[in-house]
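S.K.: This is a predicted model, with the sequence first.
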Amino acid sequence: MAGEAALINAAARTSLWLQPHRIVLILIALALVFGAAFFMRWDWLPQYYEMGLLGIWRSLWILAVTCFLGFLLAVPLGLAQAAGSFWFSAPARTFCTVIRGTPLLIQLWLLYYGLGSLFPQYPWIRESWMWPYLRQAWPYGVLALTLSFAGYEGEVMRGAFAGVPKGQLEAARAFGMSRWKIFRRIWLPQAIYRALPTLTGETVLQLKSTPLVATISVIDIFAVSSKVRQDTYLTYEPLLLLALIYMIITGILVFAFSKIEARIPNKVG
Amino acid sequence: MKTVLKTFAAALLLGVAAMGVAKADPVKIGVAAEPYPPFTSPDASGKWVGWEIEFIDAVCAEEKLDCVITPVAWDGIIPALTTKKIDLIVSSMSITAEREKTIDFSDKYYNTPTAIIGPKDQKFGATPDDLKGKVVGVQVSTVHAVYAKKHFTGASEIKEYQTQDEANNDLAAGRLDAVQADSIALGEFLKSDQGKACCDLKGMVAPDDEVLGPGVGAGVRKEDTELKGKINAGIKAIRSNGKYDEISKKYFDFDIYGGGGAQSN
Amino acid sequence: MPPALPSAVRASNPGATLIDALLSASAAGIIELLSPYPPGWGGTLLLGLLHSIEIALGATVLGLLIGTGGAFGKLYGGPVVRDLLAVYTTVVRAVPELVLILLLYYAGTDLINQALTAMGYQRVDISGLAAGIAVLGFVQGAYSTEVIRGAILAIPQGQIEAARAYGMSPGLMLRRITLPAMLPFAIPGLANLWLIATKDTALLAVVGFYELALATRQAAGVTKAYFTFFFAAGVLYLILSLVSNLLIGRVEAWSRRGMPSLKEAR
């Protein structure tokens, strides 16, 4: 039964692609791609291939780490705003406002060029175990992107925490659950379910922010493409390929998230 | 119908463009938008100042060209020239065979050796052996980046920066062990408070004419032979009438034009 | 012969001079640096802010025009128009703004000039401001298309049917019913886009446009007071977005006048 339905579904999907105007559009797109492949210069590809892969890996690594850390930070930020006393909620709200109200580029430069240039005047920092890390660029990139993700997602989590129906929490209390247990078993999971649909969009936005780290000398895929542009004086080819790479990554992200979301019960609250 | 559409499309394009149509074809002098003292840097009122600005003003005055300074990002300065956003690059760009594949250069207008600077509390020289295991900073798409890659790769880690300023700043912040660049620009940095406090000169790098080229020239589009001729004539004129030396004396206490045939680098 | 470089002055206490050099940022120093009159750099920053606002305003307006056209195309256009718009919004939303800005900055001006010369017109120079507005407007257009499309879909169907029953022409219906009715649904999304536009102007610094971020970078580079200037720029951006938020609140209240308040509607 299920197989049959899937078959019909697939047939419907193919016929969707086979409408006459779509075929023409696809053919035009293919012609453009082949035109680009044949008439533009791609002879630099073998030389930069390995560097490009390393760059993609770095971009993805930064994306994964900052989204994960940012989300961990967003939970307390959201909770403090939704339920904390003034002394918790005010700083959390200020943090989110400042992060969301200023460009990430300025935050990044403030951390790297501003804060980073103040560190070396303190000998104890130069002598500490942190110095080898503080000397490099990527910790600043990771920090800035993490804070940014936390700022935006913290706002989402605030809404998610506030949106969990009071009745559920009251019922849990009536069962005699401790506060911590209510938070862990009822409130947090429900809030995360509610925030999940926004996570796809936020992650894609975060991916689109990663190239900014190239401006503080981290060699991600964007920096590799800049390098190709500077070495070869080609303008369009590296940028077009870069756009394609980001589109493929976005496509994979959206697809993966839709698979994950499908496995999570959508009836909440 | 077709003509209507065509006019409409053109009107739309012009509408977008009209906000920025420039008048009567001045020569747009492209300088890097990032400060590069003492050659090109903006002052607090937004005016561009420095040796190179005065130099090109003198050349333009000599050849009766209407020149406007147009800052563009260094990393896209050659595409900006080829796509006609600017007409001339006057931004301490060294003449190299690699660049000459894409653009043409005027005659050289200054030439200075390439230096290495580093933190005061460390003693080392400017040879690949000295720089072993060190992090060396250079500005992207400069001859220094190419030189560092050719001579120091393997032994030292090379970090590329969008601007010379950021490389200098990272050296002062202890993130780099050495910076390689033009000796005048680095001298200017060492004279600043920040440079005085942290760093000193380690030495001049070994010459490599193939990479470092015969000096700095003004970049022009290959087809702009007329402009190139005028610039060359202007350089020759201010060299012979003393204007060049007059400007240079304001900034330097030595001759930055460099020797004729036998160059030190 | 290589010219002799000035040997750095020997300081008796290098640590102290280092602190002095980096902390030329004592209170008086900071005020002097940020003063709006040269040699202070405050004026440069404010001029940069003005450019940022100009670009953001222009880009938002252009984005709204593209977005309105795009939304109507997506809802009522033919199949080809719909597919092309889908490609436009998908691509813009999947590729980082920085990459789009670089691509459009180089390709856009080139294409316009090629189109103009092909049609027999003179090639034109496109200023940084116009190019910045065009590039960001193109990006904003994709997002506004989605916002406005959603808002139009949120209009109760009955209103449109009633307008049709009155025999309104499509143009009149657009002006009198669809646009005003969708406004309250579109404003939160569009307000968000305005905030994004103000922040995205900073990206133009990377291609060398003169706006707040580049002005800050130049000021910081010349004076070496990196922390002071980036902090000041952050404050300026923050003020811009806080003031925007205030105004947006007003506009939102105005556009929702006569409608039940959000709480009651729930």
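M.R.: Nice, thanks for sending it over. Residues are numbered from 1 along each chain as shown, chains lettered A, B, ... in the order given.

S.K.: neighbours around the residue of the stretch 1-150 of chain B found nearest chain A, how many?
M.R.: Closest residue of the stretch 1-150 of chain B to chain A, CB to the nearest CB: residue B:141 (3.9 Å). To be clear about C-beta, it is placed using only N, CA and C from the backbone, and glycine gets the same treatment. The tally of other residues near residue B:141 (other CB atoms under 10 Å in any protein chain shown) stands at 24.

S.K.: again, but for residue B:83
M.R.: 17.

S.K.: Quick check, pLDDT for the residue in the stretch 1-150 of chain C positioned nearest to chain B.
M.R.: Nearest to chain B, among the residues of the stretch 1-150 of chain C, is residue C:127, at 2.5 Å (CB to the nearest CB). On pLDDT, residue C:127 comes in at 73.

S.K.: any idea of the pLDDT on the closest residue to residue B:251 other than its chain neighbours?
M.R.: Spatial nearest neighbour of residue B:251, excluding adjacent residues (CB to CB, 6 or more residues apart in numbering or on different chains): residue B:51 at 4.6 Å. On pLDDT, residue B:51 comes in at 95.

S.K.: One more: the one 3 residues further on?
M.R.: Taken from the predicted model, the pLDDT recorded for residue B:54 is 96.

S.K.: State the distance from the nearest residue to it once chain neighbours are set aside to chain C.
M.R.: Leaving out its chain neighbours, the residue that sits closest to residue B:54 by CB to CB, 6+ apart is residue B:247, at 4.8 Å. Look at residue B:247 and chain C: by CB to the nearest CB, to the nearest Å, they are 17 Å apart.

S.K.: mind exporting the helix or strand hosting residue B:247 as CSV, just the C-alpha atoms?
M.R.: For residue B:247, the element it lies in under DSSP states H and E is helix B:243-251. Output of helix B:243-251 as CSV, limited to C-alpha atoms (Å, rounded to 0.1, in the frame of the first residue of the first chain):
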residue,chain,number,x,y,z
LYS,B,243,58.7,68.8,-8.7
TYR,B,244,59.3,65.1,-7.9
ASP,B,245,62.2,65.9,-5.6
GLU,B,246,60.3,68.8,-4.0
ILE,B,247,57.4,66.5,-3.1
SER,B,248,59.7,63.7,-1.9
LYS,B,249,61.6,66.0,0.4
LYS,B,250,58.4,66.6,2.3
TYR,B,251,58.2,63.0,3.2
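
S.K.: Quick one: mean pLDDT for that helix?
M.R.: Helix B:243-251 comes out at a mean pLDDT of 94.

S.K.: Could you look up the SS state of residue B:31?
M.R.: strand (DSSP: H, G, I helix; E, B strand; the rest coil).

S.K.: nearest residue to residue A:151 other than its sequence neighbours?
M.R.: Nearest non-adjacent residue to residue A:151 (CB to CB, 6+ apart): residue A:99, at 2.8 Å.

S.K.: Was I right to think that neighbour contacts residue A:107?
M.R.: Yes - Residue A:99 is within contact range of residue A:107, at 7.2 Å (criterion: CB atoms under 8 Å).

S.K.: Need the overlap of contacts for these two.
M.R.: A:147, A:148 (CB atoms under 8 Å, 6 or more residues apart in numbering or on different chains).

S.K.: Contacts only, for residue A:145.
M.R.: If you count contacts by CB under 8 Å, 6+ apart, then residue A:145 has A:62, A:66, A:70, A:104, A:206, A:209, A:210, A:213 around it.

S.K.: Get me the contact residues on the stretch 51-200 of chain C for chain B.
M.R.: C:102, C:106, C:109-110, C:112-113, C:115-116, C:119, C:121, C:123-131, C:133-134 (CB under 8 Å from any CB of the partner chain).

S.K.: Can you give me the distance of residue B:148 to residue A:218?
M.R.: Note on residue B:148: its distance to residue A:218, by CB to CB, to the nearest Å, is 19 Å.

S.K.: Settle it for me: which of the two has more neighbours?
M.R.: It is residue B:148, of residue B:148 and residue A:218, that has more neighbours when counted by other CB under 10 Å, with 28 against 24.
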